[in-house]
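J.: Kindly generate the corresponding structure for this input.
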Amino acid sequence: MKRLLYLFIGLLFFTACDISDQFIIEGNIENGQEKEITLSELLVNGTKEIKTVKIDKDGNFKIKSSTNLPRFYHLSVSKSNFLTLLIEPGEKLKVKTEIKNLSKAQIKGSEGSILVQDINNQLFETKQQLKEINKKAESLKNPTQEELNKLNANYANIVNQQRDSSIAFIVRNLNSLASIVALYQKYDDVNYVLYKNKDIQYVKIVSESLIKKYPESEHVKTLIADKENLMAKYNEVVLNSQVNNIVGEQGRVINLPEIFLPNSKGDSISFTKTKGKYILLSFWAAWNEDCTKRNLVLKDVYKKYHSKGFEIYQVSLDTKIENWEKAIKFDQLPWINVIDQNGRMSYYAKIYNIRKLPTSFLINPSGEIAFVNPSKEQLLSTFKYSLK
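T.: Just a heads-up that it's a prediction; the model follows:
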């Protein structure tokens, strides 16, 4: 009898644990009658389907599952139509939305899910603003430099506002896994919201906060691993931090950061392995009239001194590869031409502190910056004695 009593008590204990881990999602989806909705867990690498249920004739559904840790989930009706949730053990969520756009749902009963939705909605609005600026830039047939400068300034202002907003979100929510979402947000496949080198500090702060609270979370473990990799890259950048003040300074021996970008054939070309006694690192864009005028000047110098040891490594910040290729062919640019289609968001433009186009740096055989934005006369007078 005692043995049975102990077993009964043990059963109650384990049942109580299961109940405390359980979470429930109840929802109503307008125009979603008779369709299926799926709950999937977001893993570090991929997703895992948890449960699929049918929405009833009134648009209602109910999903029960369990978790022992806060975890990320997708509630979806298709691959492109989903709502991201951050669910904790024991939560009872209420979701109300429309079938065409689950991400705009009204969420109750899950603080983490609301936080994730807030930070995602903020980024969506920012992306829309940036798209409008790009559309306006493309609509200008013959833009003046003043117009372009205004658009660039507006673009940069929006990007920095988003960055500030994300940092504020992270600082307010250091103990929530929602802060991980803010750390990894991107505008596209390449460009992060937190783009500055010093933003590594937020990865460090968040990882140190979350590892204490959720040491078993795979997302936190991955963040810790990323922190170590990012810190290593950051330390490398610090060694080259002099480059951040490169404009207006010359005559210094520095370790120039590598540039590795594709040419018109798709072959990636290294800047640091470019051969030449004197190398002109040049940043430009085909849409910039000053750049095209500058290229015509450089062609004369290149023709005269290339065979004697002068090389140009030119980085295009055009976002449309066809415009860049057309400009190269039209002006018959004979030197090394590579492109970074990230345009004004270019990582290389940031680390070389490119504030206007065109910008160029003449590097001498000793690795010194001989001139910043050298004139034709400065190039010719330098090569007259140095490249015989």
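
J.: Neighbours of the nearest residue to Tyr187 once chain neighbours are set aside, how many?
T.: Leaving aside its sequence neighbours, Tyr187 sits nearest to Lys127 (Cβ to Cβ, 6 or more residues apart in numbering; 6.3 Å). Heads up, the C-betas are built off the backbone N, CA and C, glycines and all. Look at Lys127: counted by other Cβ atoms under 10 Å, it has 15 neighbours.

J.: Make sure Leu174 is actually in contact with Ile205.
T.: Yes - contact criterion Cβ atoms under 8 Å: Leu174 and Ile205 qualify, at 6.6 Å.

J.: who touches the closest residue to Ser66 other than its chain neighbours in this structure?
T.: Spatial nearest neighbour of Ser66, excluding adjacent residues (Cβ to Cβ, 6+ apart): Asp21 at 4.2 Å. Asp21 makes contact with 66-68, 89-90, according to Cβ atoms under 8 Å, 6 or more residues apart in numbering.

J.: so Lys186 bridges to which residues?
T.: Tyr192 (DSSP bridges).

J.: how close does Leu39 get to Asn121?
T.: 21 Å (Cβ to Cβ, to the nearest Å).

J.: Show me the chain divided up by domain.
T.: 2-109, 114-239, 245-386 (automatic domain parsing).

J.: So which residue is dead centre in this protein?
T.: In the chain, the C-alpha nearest the mean C-alpha coordinate belongs to Tyr192, at 2.0 Å (Cα atoms, centre = their mean).

J.: and that residue, how far is that from Met345?
T.: Taking Cβ to Cβ, one finds Tyr192 at 10 Å from Met345.

J.: Same question for Leu42.
T.: Distance from Leu42 to Met345, by Cβ to Cβ: 26 Å.

J.: So for those two, which sits in the more crowded spot?
T.: Met345 (21 against 16).

J.: Please name the nearest non-neighbouring residue to the more buried one.
T.: That would be Asn191: by Cβ to Cβ, 6+ apart, it lies 4.6 Å from Met345.

J.: And the furthest pair within the contacts of Asp21?
T.: Within the contacts of Asp21, two members stand farthest from each other by Cβ to Cβ: Asn68 and Gly90, at 10.4 Å.

J.: More neighbours: which of those two?
T.: Gly90 (13 against 10).

J.: helix, strand or coil for the more buried one?
T.: coil (DSSP: H, G, I helix; E, B strand; the rest coil).

J.: excluding its backbone neighbours, what's nearest it?
T.: Ser20 (5.7 Å).

J.: Please look at that neighbour and Pro89 and confirm they touch.
T.: Yes - using Cβ under 8 Å, Ser20 makes contact with Pro89 at a distance of 6.2 Å.

J.: More neighbours: those two, which one.
T.: For Ser20 versus Pro89, neighbours defined as other Cβ under 10 Å are more numerous around Pro89 (16 against 11).

J.: where does the more buried one sit relative to Tyr73, distance-wise?
T.: Counting by Cβ to Cβ, the gap from Pro89 to Tyr73 is 13 Å.

J.: same thing with Val181?
T.: Taking Cβ to Cβ, one finds Val181 at 13 Å from Tyr73.

J.: which neighbours do the two share?
T.: 84, 86.

J.: Please, which helix or strand holds the residue nearest to Leu174 when sequence neighbours are not counted?
T.: For Leu174, ignoring the flanking residues on the chain, the nearest one in space by Cβ to Cβ, 6+ apart is Ser209 at 4.4 Å. Per DSSP states H and E, Ser209 falls inside helix 200-213.

J.: can you check Pro257 too?
T.: Per DSSP H and E, there is no helix or strand for Pro257.

J.: That one reaches Tyr352, doesn't it?
T.: Yes - counting by Cβ under 8 Å, Pro257 touches Tyr352, with 7.4 Å between them.

J.: For those two, work out which one has more neighbours and name it.
T.: Neighbours were counted for Pro257 and for Tyr352 using other Cβ under 10 Å; Tyr352 has more, 21 against 17.

J.: and the more buried one, what are its phi and psi?
T.: Phi and psi for Tyr352, reported as degrees, to the nearest 10, are phi -100, psi 10.

J.: Next one: it from Lys320, what distance?
T.: 22 Å.

J.: how about Ile24, phi and psi?
T.: Torsion angles, degrees, to the nearest 10, at Ile24: phi -130, psi 140.

J.: ranges for the helices of this protein?
T.: In the chain, the helices defined using DSSP state H lie at 2-21, 111-139, 145-172, 178-184, 200-213, 218-239, 289-305, 321-331, 347-351, 376-386.

J.: nearest to Glu49, of those?
T.: Here helix 218-239 is closest among the helices of the chain (Cβ to Cβ), at 17.2 Å.

J.: Give me the residue ranges of the chain where confidence is low.
T.: Under the criterion pLDDT under 70, the flagged ranges of the chain are 1-19, 190, 229-255.

J.: Identify the residues contacting Ile224.
T.: Contacts of Ile224 (Cβ under 8 Å, 6+ apart): 207, 211.

J.: I'd say Ser268 and Ile336 touch.
T.: No - Ser268 is beyond contact range of Ile336, at 11.6 Å (criterion: Cβ under 8 Å).

J.: residue contacts, Phe271?
T.: 256, 258-260, 281, 313.

J.: Which one of those sits in the busiest neighbourhood?
T.: Tyr313 (23 neighbours).

J.: Tell me how far it lies from Leu261.
T.: 9 Å.
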